[in-house]
Each structure stands twice: as structure tokens, then as C-alpha cells.
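Participant: What would the 3D arrangement of this be:
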Amino acid sequence: MRVSWQSGWALLLGPAAMVVAGCGGHASVSGAAANANLSIHASATHLDTNKTTRITASLDNGQPARVEWTLTGGDPRAGAGTISADGVYTPPSYLTRDAVDVQITAVLAGRAAELAPPSDSATVTVTPGFLQPLTPGNLAIAPGGAVKISGSMTEVGGSTGIRFAVASDSSGTPSSAGALSAPRCVRGEVEGPNPAYTVCSVTYTAPAAVSGSESVYVVGSIAGAASKSWTRVLVNAAGISSNPTAHQSREAVPVALGSSSGSNVDYDANLGQLTDCCGGTLGALVQDASGNQYVLSNNHVFARSDQALGGETIVQPGLIDNGCTPYGVGPGTTPVATLTGYPALGSAATNVDAAIARVTPGLVDSKGSILELGAKQADGTLAAAPPGISSTGGKGEPAALGMMVAKSGRTTGLTCAAVSAIDVDVTVDYFTDCAETTHAMTKTFTNQIAMAGTDFSDAGDSGALVVNTANAEPVGLFFAGGTDGNGVEHAIASPVGDVLANLAAQVPVANAQTSFSFVGGADHSVSCLNYDADKPAEDAGEASAAFATLPMAERERAEAALGQAQLLVNPTNGIARVGLVASKDHSGQGAIAFYVEGNAAIPAVIGGVATAVLPASESSAVVTQTRAASLNQAIAAKQRNAAALMKANAAIFGVGVGQSLDNPGDAALVLFVDHAKFSGKLPTSIDGQRVRTIVMDRLHVTRAHGQPAHRSGCLSGRPSATGGELDFGNDLTLPE
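Facilitator: Take a look at the predicted model:
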């Protein structure tokens, strides 16, 4: 994912670019109606500056009414916000006080000139929200270690600050795992058209001792508002300290890979002013058959999704981490390479998102060292190290289901996760601008790799190299991701074999074809920072209890199949009993649980209901690794059905093969499903194979979470190179 940053000026010009759609049921808002023939309703009456609410107007008979809208009240400096013709209200992008009331009035269209036209009003209370998530968004720390965490809120003046708390989860459940200092807030001010926002910081100190690894949350909230943001801290007994903000800094030359980078012209401009800019990650170092070296990243990071020309400058850090200041306009970046070429995303022959840029001699580490890929140092930090190439000659190795992999990226730093699906066909959205207002294309990739893990990846990690943690051999090139309903990121990477092959076939060097390979060193292990490692496995009691939380209709559907399942109970064959649980493969559905001893054969579906396998007792052993035969059968079923599934159901944007969560011994066809289009009607099995559904945000390569980027706050409280406006006048000369 490429990450984009919108300056404060962009917020004032276009607040809609910084909001996400409001949600929830419609709640009636009673107003002082001048005429009972018209009434309006708001989906939410209390919202922060990052949210929207939809106002609907209807007549007494319930029919929708065509109305004209007016706004009054609001903030004395920032205004009342805006409302679209179809009733979507967007608050002002910042506030100068802790809360403001906005009155929204609707008048029946064409009747405004009357003495008492049919009208109704509603009042919406707006509070400040987070300008960006807490930063850093994730980090690892040794027992007893301390780290500063900062957050920015969209308030200038006023008295509200960010409240910080140590929690055991992102919702804010209190925890005693560590301590916080008193927060320090710098109040923003309005100077001219560009506000400086309120920034608060706090120091978190980890417990003096932990066993293994423990995830701790530092949760930030704003008084009087529902807004929350959090940082996840991995407190680890290994004593490793890892802060991804180091990946966003300007590196001393020769720069290491895994750091912030991007095209020097990857920004949006309006009337000579830069309003947005983008950035990603320097992924790896590759070389051609003649030994010439190139930095590797994504097409959408280096080549702006097919818009770039050869010879464009690649800078470190990316513009996102230099206040949108291009090289040649102001200081802060180093031009490290020039764009050589890229397999065109618009070509049917292209099956990767990749681009290479010829290294400027001496400016990139010639050994291909990647930040934090090496051993732990005396101070607890991880050294930079090249990827492993000794066992493959620089060609990398294929991914395997369950393989533990690592990536070192601009936003989340070094993180690890397991390969959750292979042979993934997936559609991904591309945009021509950083603000994602202009859709460029939707491209379908085949045979991709999926990885799943909390805090494994985020916007801005695009272009990061994915390696096998056992030997640091290259496995994939990360380029897209999204988040499911449980907050787990699902990352997509192109296999490195395909990346090298596509580069060789489509990117001539010196007007001739060549082969490419990775630059690296001896195979070595990678220190794995896995933010999911501390999660306990669900036991049989919890699985049964979860069934009781399902809707009555779903419980009745599963209960109807229980009698058929009971006919299969046979202790001699390892099936001790059956029961009812919530399915892990199908969110919101029930499953028939078979409590087994050992390797009992269990059908995928009984009576139209999915089945699950659980140990019959604490001493029982069940299969936890996917069987090779089951995996091969699932791959064959996926290849037969993937295209038809994606064509027939608009909610399905990806199909791959992974491990069933209901029965880990079985493989499953993994369906990636758009939550906005999900109807709840998907197959439980396909060609006799298990199906697992992942309902999530639709994948795209820029801003998968629809939120402002992770960035360092401006601790002076005034616009600066970390987020202020850059006005180069109306005669802006675009750098080349």
C-alpha cells in the first residue's frame, strides 16, 4: 500500500477528502418543524470531524422529499461544514472549541420563497477527532523500556486534549501492564488560513519483567467524543526494541532498504499548491546480468500507477515523510535512483505490481541491506542486513501455506505473520492521485500470496520485500492489503519468481532484455516480531459459548442438522460426541462440532451446515497441519471455480487456498468478500471442499484503512515539514 498525506491546507480546501462514511441505524431527530408535512432524520447526531452523517427528508406519507438544505451555527472560525444535495453532512475539518452545534434545516424544494414553507430542522453536535492515528502505530520494546507516543487532534484552541490509557485491547479495557507519564499537549492556533492542530504526547514505560511476549495497547481518546486511536506495543522478553518511525527518517548514505521512498513527483497540485503527496518503501536491491544495481518497489510507488516516464527521480525518504517537499524545491530528501522501467499494470501480460530504478552510485547500500533484518544489537535494536540468497542464487523461493514470513516497511517496520493463503486471484483498485478521487483501473492478479496478522502491514509499506524468517530468502513483494471485521490486516504480495520474470520480460535495460536477481548475502534467520503470538487458542467451552451469541434463526438452522451428525458418533473411529459451536470459517454462522481423538475423517458439511473439529479432551490430539492431499484438492477446486465465483458475485474480490479454521487438517477455498456488498449468502463448500470467508475492506494499494497516514506530530504546535501547507506560488515548477 502506498500512503498519502494531506496537508492542513488540503483539509480546508476539501474536508470531504478526510472523512469516512457514517454508519448505524437511522435515529429520528425531532426539530421545530414549521410544517408537519416534512420531517428529517439523521443517521447520527453526535460525530467528530472525521465522520459524516446522512440526513434524510420525508413527507408524512413516508415518501422521500426533495429539499433544499441550509446550515447555521458551527465553529466561529471553521464554519458549519457542508451538506451535499443528497443530504450527506460533512463537518468542518477542524474546530476552535471543544464542541459546536450545527443546525441543519431542510425546506421543500421550490417552496423557500413562501411565508411558511414546509421545513424541519435537526441539530448535530460536532467534536474534534484525530487528525491521524497515534504514532508510532506499533512498536516492540524490552521489559522496562520507555517510548514516546504522540497523537494529533483536529482542534485549534479550546481546552480538550488527548487522554491516554494503558489497555489490554483496542477498545480500552484497562490494563496494569506498564505505566504512562502525564501527557503533554501543545495547543494549536489559527494563523492565517492554515491551522496548527493540538498535539499531545505521553511516555509509556513497559513492565520490568514479562514471560514471552505480551501485546499492550496505549489508547488515546478525546473527551466528549467517540474517537479513539491506539498504538500496539509488543513487550518481549527477548529484549528487542523496534520503532517503525526510524524507517520514515532520512537515512545517511548509502541508504538501507526497508525505508521510506517514492517518486519525487508523486503529489497532487492545485493552482500551484501541493495538496497531497504519496510514498512507499524501498523494497530490495536487484541486479541485472551485467551486475548493474536497481532498487525494487511497486509500480504504484515508483511509477505512479503507469503514469511515470523513465528517468524520473526516486527519493529517500518519500515525500510523505518530508512535508510534501520535493527534491529541488526544498531540503530533506536524497535522490537515490532514477526510474528505469516497470511492467505496465494496464497490460494483460503483467501479473505483478513492480518497478525498478537504477541506483545512483554510492547512494544505496550495495550489499542490499534492509533495515532490522539482522541480529539484535547491544542496545536491543536490530541491525540492518541483506536478504538471504545463498540457497537460491538470488532467485528467491516459493511461499508455502503456514510459512512464517517477515517484511520491513516504511510504516509498520519489521513485522512477521504466517502465509494464510496461496494461489490467490484478487482484484485490486488503483487511483491516479494521492487523494484517491480519480479511479484509474481495477486489475486482477493471479497466483498471489496472502498473509494475515494484526499490525503486519499498513498504508505506506507498499514495495516491502517479504522474506522467509527461517533463512531471509525473498518470497514476495508486498503491494496491497485491507482489514477485516476483527481488525486483522490481510496483506497481498506477488511471488518473487513472478516479479523477476515480469521484469525480465517487460523492462529492457539498455534496449536489450536481461535477467534479474536479488542482491544479498548468506541465508540467516530473522528476529520475528509477531503481534499475534500472544493470542491464546480458543478452547471447547469458548467455542460452545460463542454459539449462544448467534441469531436465533442461525442457531435453529444448525440444530436441525445435529441429528444427522449424531449418527456418525463412534468412539472406535475417534468420534466421541458432537455439539454446536460458532463457525470460524463462516462469520455469524453455526457449525456442527465433532469432538475427536486423533485423525478422524469428518465431512466438510452436514445438512448444509459447516462442520468443525475439536479435541474430545484436554489430552486429545487433533490434526493441526493441513494435509498435503487436501491442499492439492483445494487448489484444483479453486482453479476450476475462482473466475466464475468472482464474476457471479460482486462481493467476492479474491479467491485463494488456505487452512480451514474449523478443521485445520483440511484446506479451504478462501473467499475475500467486500463487507459493503456482502449479503450473507455464500457457499459453505465448493466441489466438496471447505470454504472460508473473510469479510473485509476491499483491497486497494493506497489507503486501505481510509484514514490519515501514520505520521509524527508537529510538537511545536505550528505548521512544519511534518504536515503543514507548502505554498510555492502560482508559478510552481514541477521537479523532474
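Participant: Name the nearest residue to residue 152, sequence neighbours excluded.
Facilitator: In space, and not counting its chain neighbours, residue 152 is closest to residue 131: 4.0 Å by C-beta to C-beta, 6 or more residues apart in numbering. From N, CA and C alone the C-beta is placed, and that goes for glycine too.
Participant: Downstream of the strand or helix carrying the one you found, the next helix or strand is which one?
Facilitator: Using DSSP states H and E, residue 131 sits in strand 130-135. Going down the chain from strand 130-135, the next helix or strand is strand 138-141, by DSSP H and E.
Participant: Pull up the gap between the nearest residue to residue 169 once chain neighbours are set aside and residue 138, please.
Facilitator: In this structure, residue 169 finds its nearest non-sequential neighbour in residue 217, 6.1 Å apart by C-beta to C-beta, 6+ apart. As for residue 217, its distance to residue 138 is 10 Å (criterion: C-beta to C-beta, to the nearest Å).
Participant: the more surrounded of these two?
Facilitator: Taking neighbours as other C-beta atoms under 10 Å, residue 217 and residue 138 compare with residue 138 leading, 26 against 21.
Participant: Other residues contacting the longest helix along the chain?
Facilitator: If you go by DSSP state H, the chain has its longest helix at helix 628-648. With C-beta atoms under 8 Å, 6 or more residues apart in numbering as the test, helix 628-648 has contacts from 401, 422-423, 425, 427, 444, 652-657, 665-669, 671, 686-690.
Participant: in that helix, what's buried?
Facilitator: Neighbour counts over helix 628-648 (16 or more other C-beta atoms under 10 Å) mark 630, 631, 633, 634, 635, 637, 638, 641, 642, 645, 646 as buried.
Participant: For it, list the C-alpha coordinates in PDB.
Facilitator: C-alpha atoms of helix 628-648 as PDB (Å, rounded to 0.1, in the frame of the first residue of the first chain):
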ATOM      1  CA  ALA A 628      -0.900 -32.300   1.500                       C
ATOM      2  CA  ALA A 629      -3.700 -34.200  -0.200                       C
ATOM      3  CA  SER A 630      -6.400 -31.800   1.000                       C
ATOM      4  CA  LEU A 631      -4.300 -28.900  -0.100                       C
ATOM      5  CA  ASN A 632      -3.800 -30.200  -3.600                       C
ATOM      6  CA  GLN A 633      -7.600 -30.900  -3.900                       C
ATOM      7  CA  ALA A 634      -8.400 -27.400  -2.800                       C
ATOM      8  CA  ILE A 635      -6.000 -25.900  -5.300                       C
ATOM      9  CA  ALA A 636      -7.600 -27.800  -8.100                       C
ATOM     10  CA  ALA A 637     -11.100 -26.800  -7.000                       C
ATOM     11  CA  LYS A 638     -10.000 -23.100  -6.700                       C
ATOM     12  CA  GLN A 639      -8.600 -23.100 -10.200                       C
ATOM     13  CA  ARG A 640     -11.800 -24.600 -11.600                       C
ATOM     14  CA  ASN A 641     -14.100 -22.100  -9.800                       C
ATOM     15  CA  ALA A 642     -12.300 -18.900  -9.000                       C
ATOM     16  CA  ALA A 643     -13.100 -16.900 -12.100                       C
ATOM     17  CA  ALA A 644     -16.800 -17.900 -12.100                       C
ATOM     18  CA  LEU A 645     -17.200 -17.100  -8.400                       C
ATOM     19  CA  MET A 646     -15.800 -13.600  -8.800                       C
ATOM     20  CA  LYS A 647     -17.900 -13.000 -11.900                       C
ATOM     21  CA  ALA A 648     -21.100 -14.200 -10.400                       C
END
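Participant: And the contacts of the very next helix or strand once past it?
Facilitator: Using DSSP H and E, the helix or strand that directly follows helix 628-648 along the chain is strand 652-659. With C-beta under 8 Å, 6+ apart as the contact definition, strand 652-659 has outside contacts at 401-402, 420-427, 448, 450, 492, 626, 631, 634-635, 638, 641-642, 645-646, 666-674, 682, 692, 698-699.
Participant: hmm, back to that, the residue nearest to residue 169: what's it in contact with?
Facilitator: Per C-beta under 8 Å, 6+ apart, neighbours of residue 217: 166, 167, 168, 169, 170, 172, 175, 230, 231, 232, 233.
Participant: Among those, name the buried ones.
Facilitator: 166, 167, 168, 172, 175, 230, 231, 232, 233.
Participant: Distance of the fourth one relative to residue 644?
Facilitator: Between residue 172 and residue 644 the distance, using C-beta to C-beta, works out to 44 Å.
Participant: Okay, buried residues for stretch 520-527 please.
Facilitator: Within stretch 520-527, the residues that qualify as buried are 520, 521, 523, 524, 526, 527, counting by 16+ other C-beta under 10 Å.
Participant: Quick check, residue 101 in contact with residue 127.
Facilitator: No: Residue 101 lies out of contact with residue 127 (C-beta atoms under 8 Å); the separation is 10.7 Å.
Participant: With neighbour numbers in mind, choose between those two.
Facilitator: The neighbour comparison of residue 101 against residue 127 (other C-beta under 10 Å) goes to residue 127, with 26 against 12.
Participant: so that one makes contact with residue 50?
Facilitator: No: with contacts counted by C-beta under 8 Å, residue 127 stays clear of residue 50, the gap being 10.3 Å.
Participant: what about the helices in the stretch 251-400 of the chain?
Facilitator: For the stretch 251-400 of the chain, the helices defined by DSSP state H, counting those that start in this stretch occupy 299-302.
Participant: before we move on, back to that, hang on, the residue nearest to residue 169 is in a strand, isn't it?
Facilitator: Yes: Residue 217 sits within a strand when classified using DSSP: H, G, I helix; E, B strand; the rest coil.
Participant: bridging residues for it?
Facilitator: Counting by DSSP bridges, residue 217 forms beta bridges with residue 167, residue 232.
Participant: Next one: it, what pLDDT does it get?
Facilitator: What the model reports as pLDDT for residue 217 is 95.
Participant: Same check on residue 15?
Facilitator: Listed pLDDT for residue 15 reads 34.
Participant: again with the one 4 residues further on
Facilitator: Among the per-residue scores, residue 19 holds a pLDDT of 30.
Participant: OK, contacts around residue 266?
Facilitator: 2, 277, 278, 279, 301, 304, 318, 319, 434.
Participant: same deal with residue 241?
Facilitator: So residue 241 contacts 140, 141, 142, 145, 379, 380, 381 (C-beta under 8 Å, 6+ apart).
Participant: Buried members of these into PyMOL, please.
Facilitator: Remark: buried members of those, expressed as a PyMOL selection using 16+ other C-beta under 10 Å:
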select buried, resi 140+141+142+145+380+381
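Participant: quick one: which of the contacts of residue 241 is nearest residue 571?
Facilitator: residue 140 (46.6 Å; C-beta to C-beta).
Participant: quick check: mean pLDDT across the top strand by length along the chain?
Facilitator: Counting residues, the longest strand found in the chain (DSSP state E) is strand 413-431. The average pLDDT for strand 413-431 rounds to 96.
Participant: What of stretch 544-559?
Facilitator: pLDDT averaged over stretch 544-559 gives 91.
Participant: got it, and stretch 91-100?
Facilitator: Throughout stretch 91-100, pLDDT has a mean value of 93.
Participant: Can you give the domain ranges for the chain?
Facilitator: Annotated domains of the chain cover 3-127, 130-241, 248-518, 540-615, 628-696 [automatic domain parsing].
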